[in-house]
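In: build me a structure from this.
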Amino acid sequence: MKKYALLIFAAITFIGCEVIEDNSPGLQSEINDVFFRANDARAAEKDDGSYVIQGYTQDEILTLSIKDPFPGIYELGGGSENFASFEDALGNLRVTSPFGGGQVEIVPGGWDAVEKTLTGNFNFTTITPGVDTLTVASGIFYKVPYAFGLEEPIQNGPPNGNAGTFVASVDNNVFTPSVVTAVNTDNAIVITGATATVSIAITFPLDTAIGLYSLPRTGFQATYTDINGLEQELLGNVIVIGNDQITRRVKGTFSFQTQNHEISQGQFNVVYN
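Out: Residues are numbered from 1 along each chain as shown. You can find the predicted model right below:
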C-alpha cells in the first residue's frame, strides 16, 4: 500500500505539478486528456452491499458504482450492474451504460474494512450516439472513506426556471420540453418533461439509491404520451446518479422502448417538491 501511495503521489506531481500528503484520500484521472483532480472524494456502502465512489470539484462529479468492495476487476458498460459517469460544469451527464465500457479495479488490500476506505484504479469510455465520446484514463482513487449514505456538496436551487433540466431523444429526434416538473407523490418521485403535444414521465421510489435499474421493475415506470395516447415501457433502464432527500435534488439518465417509440439519451437534473 505504501508503494501505491508513492505511485499516486508521483502521478499527481507529474501531471498536475501539485503535492498532497501520501495519506490523504484522493481521486484523479485524465478526462479527454485533461487532468481531473477531485477537491473531495467520498464513498458509500448501499443497503444491497454495493459501493459508490464519487469525486467532486466545484462543478463536476465523477461517479463509480460497483457491486461489492472485494479486490478484483469490475467491468463497466453494456448490461452490467456496474457503471461510471461524469457530470460536467453544465450539468451534462455521460454514463458508461449502455454503449460505453471500462473497468474499476479494487487493488489487493484496497478494501480496508477497519479504516473503512477504498483504494484502486479505473478507466472508462462513455458513448452518446450522435453527440460525443468521453474518455477517462489513468484513474486512481486512494483511501477514499466510505460509510452508509452519501451526501453531495450542497447546490443551489433548480438548474433553470422549471424543476430543472430534462432532455431526451425520441426516435432519433431531439426532445426538449418547454415544461419540466418533479413531484413527490405517495413516496415516489415523478419527473415529467412536456411540450404542447408530447410528454415523457419517469417514476421511481423516493428513497432510490444511486445505481442502475432495469425496466420493467416494481416501483419504476417510464411512459411516453402523444396525441395517440399513453405508451408504457417494454424494456429499458434508469440510472440514478444522485438522490439527495435533504435538498430534494435528483439526477440521472434513462432510456426505454415502448410499442411504437424509442426514447434514448435521456437525462434529468431536477429539484422535486
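In: the helix or strand hosting residue 63 pairs with which strands?
Out: Using DSSP states H and E, residue 63 maps to strand 61-66. Applying DSSP bridges to the sheet, strand 61-66 is found paired with strand 51-56 (antiparallel), strand 83-87 (antiparallel).
In: want to throw the ones you listed into TSV with mean neighbour count?
Out: C-beta here means a position set from N, CA and C on the backbone, and glycine is covered the same way. Formatted as TSV, those follow (neighbours: other CB atoms under 10 Å):
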stretch	mean neighbour count
strand 51-56	23
strand 83-87	26
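In: okay, now the unreliable bits of this protein?
Out: Low-confidence segments of the chain (pLDDT under 70): 1-24, 148-161.
In: export stretch 84-103 as CSV, just CAs?
Out: The C-alpha coordinates for stretch 84-103 follow below in CSV (Å, rounded to 0.1, in the frame of the first residue of the first chain):
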residue,chain,number,x,y,z
ALA,A,84,-19.3,5.0,-14.2
SER,A,85,-20.5,8.5,-15.0
PHE,A,86,-19.2,12.1,-15.3
GLU,A,87,-21.2,15.3,-14.9
ASP,A,88,-19.7,18.4,-16.3
ALA,A,89,-20.0,22.0,-15.3
LEU,A,90,-23.1,22.5,-17.5
GLY,A,91,-24.9,19.6,-15.8
ASN,A,92,-24.5,17.2,-18.8
LEU,A,93,-24.3,13.6,-17.7
ARG,A,94,-22.2,10.9,-19.5
VAL,A,95,-22.7,7.3,-18.5
THR,A,96,-21.0,4.0,-19.5
SER,A,97,-24.3,2.2,-19.9
PRO,A,98,-25.4,1.1,-22.4
PHE,A,99,-22.9,2.0,-25.1
GLY,A,100,-19.7,2.7,-23.2
GLY,A,101,-17.3,0.4,-21.2
GLY,A,102,-14.3,0.3,-19.0
GLN,A,103,-13.4,-1.2,-15.6
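In: buried sites along it?
Out: 84-87, 91-103 (16 or more other CB atoms under 10 Å).
In: from those residues, which land in strands?
Out: 84, 85, 86, 87, 93, 94, 95, 101, 102, 103 (DSSP state E).
In: for the third one, give the beta-bridge partners.
Out: In this case it means residue 86. With DSSP bridges as the rule, residue 86 is bridged to residue 62, residue 94.
In: how about it, what does it touch?
Out: 31, 60, 61, 62, 63, 93, 94, 126, 134, 136 (CB atoms under 8 Å, 6 or more residues apart in numbering).
In: repeat for the first one
Out: Remark: with contacts taken as CB under 8 Å, 6+ apart, residue 84 is in contact with 62-65, 76, 95-96, 100, 102, 104, 122, 124, 126, 136.
In: apart from its neighbours in sequence, what residue is nearest it?
Out: The shortest distance from residue 84 to any non-neighbouring residue, by CB to CB, 6 or more residues apart in numbering, is to residue 124 (4.4 Å).
In: which of the contacts of residue 84 lies at the shortest distance from residue 219?
Out: Of all these, residue 65 has the smallest distance to residue 219: 19.1 Å, by CB to CB.
In: and the closest one, how far from residue 124?
Out: 11 Å (CB to CB, to the nearest Å).
In: so which strand or helix has the residue nearest to residue 176 when sequence neighbours are not counted?
Out: Nearest residue to residue 176, sequence neighbours excluded (CB to CB, 6+ apart): residue 167, at 6.1 Å. Here residue 167 sits within strand 164-170, counting by DSSP H and E.
In: that strand pairs with which strands, parallel or anti?
Out: Partners of strand 164-170 in its sheet, by DSSP bridges: strand 173-175 (antiparallel), strand 262-271 (antiparallel).
In: quick one: distance of the host helix or strand of residue 189 to the chain centre.
Out: In the assignment (DSSP H and E), residue 189 maps to strand 188-194. When distances are taken as CA atoms, centre = their mean, to the nearest Å, strand 188-194 is centred 18 Å away from the chain's centroid.
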